[in-house]
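# requesting a structural model of the entry that follows:
(chains A and B)
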There are 2 protein chains.
Amino acid sequence: MEELKIFAPATVANLSCGFDVLGCCLDSVGDEMLIKKNDLNEVRITKITGQDLPLETNLNVAGVAVKALLKKLDSNQGFDIEISKRIKPGSGIGSSAASSAGAVFAVNKLLEEPYKVKELIPFAMQGELLASGNAHADNVAPALLGGFSLVRSYCPLEVLSLPVPPDLRVVVLHPMIEIKTKDSRSIIKQNVSLKSAINQWGNLGALVSALYTEDYELLGRSLQDEIVEPVRSILIPYFQELDKLVAENGALGFGISGSGPSVYALCKGDENAQKVKNAIEVFYSDKNIDFDLHLSSINKQGVKIL
Amino acid sequence: MEELKIFAPATVANLSCGFDVLGCCLDSVGDEMLIKKNDLNEVRITKITGQDLPLETNLNVAGVAVKALLKKLDSNQGFDIEISKRIKPGSGIGSSAASSAGAVFAVNKLLEEPYKVKELIPFAMQGELLASGNAHADNVAPALLGGFSLVRSYCPLEVLSLPVPPDLRVVVLHPMIEIKTKDSRSIIKQNVSLKSAINQWGNLGALVSALYTEDYELLGRSLQDEIVEPVRSILIPYFQELDKLVAENGALGFGISGSGPSVYALCKGDENAQKVKNAIEVFYSDKNIDFDLHLSSINKQGVKIL
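Numbering: from 1, shown residues only, chains lettered A, B, ... in the order given. Sure, this is the predicted structure:
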C-alpha cells in the first residue's frame, strides 16, 4: 500500500467533569487526509486546504507526530501528507488532535501496522504538545480509538475505552471567536479546593457508571464542572444563556468542549438533538457572531479509512 | 413487630482514589444491635457492651440518627437501643457509621418502612456529623446499601450503587493506635494541586469501570491516592512497609481505610487474601503494637436482620 485516504474525526474533550482525562469522538465532523509514501526519506506536508496552517513539518502537528513515530521505529521512510482541513483550529473540538491522530494512524497502516492503534496515542500526543504546550491525550485518544476514552494515568500512560450508550447525540456550537488552547490553559488555576475536587471526582465516577448502565439522565446530571468552567466560560459569548436554553429544550447536559470556545450539549436521540440544535441556531442567529453548528452521533471507530 | 436484632456492618471508605465519595461494605466485621419499641416517647441507649461509648442519646451517634429520623416523621414513638460494639471506635472502618446506619435501618423496619433504605442515608449522616464534625456518606451509604456506594453529589445527595466483582476480598489491619476522624480530617489540606486532582479523578473513573468489567488488575492499579494518603499515612505505623509487603504477596492494591489507622488490601480470591493476611500477621507480630486483622468478602446486602 502506497497511499491512504482517511477521515480524521473531531472530538469533545473534558465533558465537564473529566478535565484532561475524558473525551469522546464525533462522527460527522472531521478532516480528510491523504498520506502517501515518498522516496525522499523525509516527512513533508505537501498541501493544506481549508485553513491557513504551517506547511513546515516541524511546525505542523501531523508532521511532528509522524516524525515521533518514525523516530521510535528507527525508520527513514518518507511520507507526503495532504490535509483537507474542515475542523477549524482553535475551535475546541480537537482540530490539532484530528491531524495528529489521523497522520499517525495512516502512516502506521502504510508501514503494515508495527503498532496497535492504542499504541499510537503517545505519538499523536507529540502533536498536542506542539499545539498547546501540553501533551494531553483526551482528544487524540478518542480520535484514534473512537467512543469514549478515559485516561487513567499519564505516567505511565493508560487509556481505557468506555461503552457508548446507543442513543447518545452531541450538538456542538462553535462561536467563531478563536481561543488558543495554550491561552485557555493559562487562565486555569493550578490549585483547586478539595471540596470542588471531591465534587468533580464524584461526578466523573457517576458519568462512567452512567455509560455502563446507559442511564442517560444520570449521564446528564454528571456533566458538572466547578473547576474549569467558571473560569473558561467567561470567554464564551452567551454561555449562561445557552446553558439555560438547551436545558429548557431537554438536553441531558451542557458544557465547554475542550478549551472552548465550542460548547457541547449531550442529547438522547436524534429528535431531541435536532430540537436543541434548532433552538441554538435561532438564538445565535441575531448575535452578530459567526458560528458553526454540528449534530453528531458518537463515532465508535475513530479514524476511518475512506 | 416490637423488636429487631440486626448486624451492622463495618465499611471501608475512600478506597484511595475516592475520598469522601466511595466506600464498600464488609461481611464478617460488624456490630450487633437490638432495637425495641418503648412506651416512653423517648429514644434511649439502654446498653452498650464491648466499648466505652456515651449512653446519653444526644451524644450517641445511633441516638442522634434515630432522633433525626423520628423528627422528620413527626413521630414520638420511643425506642430502646442496645449495642454490642465489636467495631472499635476510631479504627477507620466505619464504627460510627455502623451504629448510625444499623439504628435507622432497624427503627425504619419497626415503623413498617416509611422510607426506602436509600432514603435513610441522610439520617445516618447525622450520626457522622456528631462523630467527626462532617456529615460524610461514604461509610453510612455502603453500610445501609451493601456493596460499593458512590456519592455523586452531596447537595442534593445522590448515591449510586456499583457492581461487586465476585472474587473480591478485603483484608483489613487495624493497628491499635486511635486516630479520631475529626483529628485525621484536620491535617488534610483544603487546597490540592490541579495535577493531583486530575490523577485522582482519572483513577476513580477507572475504578468504576473496573467494577463493571470485573477487571481486577485495573481495579488494583486504580487504588492510588496522592492527595490524602501522603499526609495521613504518616500517622500509621509501618505504612510503607505494609504497602510493599502486600504487593509482594499479590494483593491488587492497598491504602488507608477511611481516616485510618486501619489499612486495607484488596485481593482476588480467598487464597490470595489469606496469604496477604498471613503475611501481615507475621510482619506485625513483632512490632509491639496490638492489632486486629480481618478478612472479608464484600457484603452486598448491608445491614442484616438476625
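# what comes up buried for the lengthiest helix in chain A?
Longest helix in chain A by number of residues (criterion: DSSP state H): helix A:194-213. Of all the residues in helix A:194-213, those buried under the rule 16 or more other C-beta atoms under 10 Å in any protein chain shown are A:194, A:197-213. All C-beta spots, glycine's among them, are computed from the backbone N, C-alpha and C.
# next one: stretch A:237-254
In stretch A:237-254, the ones that count as buried by 16+ other C-beta under 10 Å are A:238, A:239, A:242, A:243, A:245, A:246, A:249, A:250, A:251, A:252, A:253, A:254.
# what does the helix or strand in which the fifth one is found rub up against?
Using DSSP states H and E, the secondary-structure element containing residue A:245 is helix A:239-248. The set of residues that contact helix A:239-248 without belonging to it, under C-beta atoms under 8 Å, 6 or more residues apart in numbering or on different chains, is A:171, A:173, A:233, A:254, A:256, A:263, A:265, A:276, A:279, A:280, A:283.
# quick one, domains of chain A?
A:3-162+A:301-305, A:168-297 (automatic domain parsing).
# wait, residue A:38 touches residue A:82, no?
No: using C-beta atoms under 8 Å, residue A:38 is not in contact with residue A:82, being 11.9 Å away.
# thinking again about what came up before, return the most buried member of the domains of chain A.
domain A:3-162+A:301-305 (a mean of 22; mean count of other C-beta atoms under 10 Å in any protein chain shown).
# straight-line length of that one, end to end?
One end of domain A:3-162+A:301-305 sits 11 Å from the other (C-alpha to C-alpha, to the nearest Å).
# quick one: is it near chain B?
Yes: residues of domain A:3-162+A:301-305 contacting chain B under C-beta under 8 Å from any C-beta of the partner chain: A:17-22, A:150-154, A:158, A:160, A:162.
# near chain B, which residues of the stretch 201-306 of chain A? Just list them.
Going by C-beta under 8 Å from any C-beta, the residues of the stretch 201-306 of chain A near chain B are A:201-209, A:212, A:218, A:221-222, A:224, A:227.
# may I ask which two of these are separated the most?
Greatest spacing in these, by C-beta to C-beta: A:212 and A:227 (24.4 Å).
# any regions of the stretch 151-300 of chain A where pLDDT drops low?
Along the stretch 151-300 of chain A, segments meeting pLDDT under 70 span A:178-182.
# name the residues that touch stretch A:31-39?
Residues contacting stretch A:31-39 (C-beta under 8 Å, 6+ apart): A:2-8, A:44, A:50, A:62, A:77-87, A:95, A:98-99, A:102-103, A:106-107, A:110, A:306.
# taking helix B:194-213 as reference, get the angle to the longest strand along chain A.
Longest strand in chain A by number of residues (criterion: DSSP state E): strand A:22-38. Going by axes from the mean of the first three to the mean of the last three C-alpha atoms, to 10 degrees, strand A:22-38 is angled at 90 degrees with respect to helix B:194-213.
# hey, C-alpha coordinates of stretch A:102-114 in CSV?
This file holds the C-alpha atoms of stretch A:102-114, laid out as CSV (Å, rounded to 0.1, in the frame of the first residue of the first chain):
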residue,chain,number,x,y,z
GLY,A,102,-5.1,10.8,11.5
ALA,A,103,-1.5,11.1,10.4
VAL,A,104,0.0,8.5,12.7
PHE,A,105,-2.9,6.2,12.1
ALA,A,106,-2.4,6.3,8.3
VAL,A,107,1.4,6.1,8.5
ASN,A,108,1.1,3.1,10.8
LYS,A,109,-1.2,1.4,8.3
LEU,A,110,1.2,2.2,5.4
LEU,A,111,4.0,0.6,7.4
GLU,A,112,1.9,-2.5,7.8
GLU,A,113,0.9,-1.8,11.4
PRO,A,114,4.0,-2.1,13.6
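# which residues are in contact with it?
Stretch A:102-114 has contacts (C-beta under 8 Å, 6+ apart) with A:1-4, A:6-8, A:31, A:33, A:35, A:37, A:62-63, A:65-66, A:69-70, A:73, A:75, A:77, A:79, A:81, A:115, A:117, A:120, A:123-124, A:127, A:143-144, A:302-303, A:305.
# looking at these, which are in strands?
Within the contacts of stretch A:102-114, membership in strands is found for A:3, A:4, A:6, A:7, A:8, A:31, A:33, A:35, A:37, A:79, A:81, A:305, as judged by DSSP E.
# relative to chain B, how far out is the last one?
Counting by C-beta to the nearest C-beta, to the nearest Å, the gap from residue A:305 to chain B is 29 Å.
# contact partners for the nearest residue to that residue once chain neighbours are set aside?
Nearest residue to residue A:305, sequence neighbours excluded (C-beta to C-beta, 6 or more residues apart in numbering or on different chains): residue A:6, at 5.7 Å. By C-beta under 8 Å, 6+ apart, the contact list for residue A:6 reads A:32, A:33, A:35, A:102, A:105, A:106, A:303, A:304, A:305, A:306.
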